[in-house]
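[1] coords please:
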Amino acid sequence: MSTLIVQLDMEEFCEVADLSAAYVIEIVEHGILEPQGSTPKDWRFNDFELSLAKRAAKLRRDLDLEWEGVALALDLLDEVRQLRAENQMLKQRLGRLLAD
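    Coordinates of the predicted model:
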């Protein structure tokens with residue numbers, strides 16, 4: 001079974017994400033997205049970055065945050081997700097230990 005990896009160029013990415021190229025460049029300049037390629041015309045984005053760009057734009061719009069705040073919020077949300085997953089795993093282990 002193979003995993004399909006989506007690769008979008010800048011034009012496709014902007015269209016699918018419903019963001020302007022200038023907006024995408026700002027997101028990249030603030031380190032929120034890290035596309036492959038050295039210049040905007042060479043950039044290639046994957047499906048994870050597409051999802052991340054949509055989340056970043058929503059945070060900026062809904063919470064009226066600067067890009068630095070968006071980057072911090074995304075980092076914190078990712079950390080919360082990781083901690084929740086770890087907590088769930090530890091609860092399962094504890095449950096198995098107590099059941100024995």
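[2] Any chance you could list what contacts the host helix or strand of residue 26?
    Under the assignment given by DSSP states H and E, the secondary-structure element containing residue 26 is helix 21-29. The contact list for helix 21-29 (C-beta atoms under 8 Å, 6 or more residues apart in numbering) reads 10-11, 13-14, 17, 19, 33-35, 40, 43, 53, 56-57, 67. In short, each C-beta sits where N, CA and C put it, glycine included.
[3] at 6 Å instead, please
    With C-beta atoms under 6 Å, 6 or more residues apart in numbering as the contact definition, helix 21-29 has outside contacts at 14, 33, 40, 53, 56.
[4] most neighbours, which of those?
    residue 56 (26 neighbours; other C-beta atoms under 10 Å).
[5] what's the strand or helix carrying that residue packed up against?
    Take DSSP H and E as the rule and residue 56 turns out to sit in helix 47-63. Helix 47-63 makes packing contacts with helix 10-17, helix 67-99 when contacts are defined by 3 or more C-beta pairs under 6 Å, 6 or more residues apart in numbering; DSSP states H and E.
[6] Would you mind getting the angle between that helix and helix 67-99?
    In terms of direction (axes from the mean of the first three to the mean of the last three C-alpha atoms, to 10 degrees), helix 47-63 departs from helix 67-99 by 110 degrees.
[7] Now do helix 47-63, average pLDDT.
    Computed over helix 47-63, the mean pLDDT rounds to 95.
[8] can you check stretch 22-35 too?
    Looking at stretch 22-35 alone, the average pLDDT works out to 95.
[9] Span of that stretch from start to end?
    Distance across stretch 22-35, first residue to last, is 15 Å (C-alpha to C-alpha, to the nearest Å).
[10] Need the phi and psi values for residue 41.
    Backbone geometry at residue 41, expressed as degrees, to the nearest 10, gives phi -70, psi -20.
[11] Just the pLDDT at the closest residue in space to it that isn't next to it in sequence, thanks.
    Using C-beta to C-beta, 6 or more residues apart in numbering and skipping residues adjacent in sequence, the residue nearest residue 41 is residue 10, 6.4 Å away. Turning to residue 10, the model gives it a pLDDT of 96.
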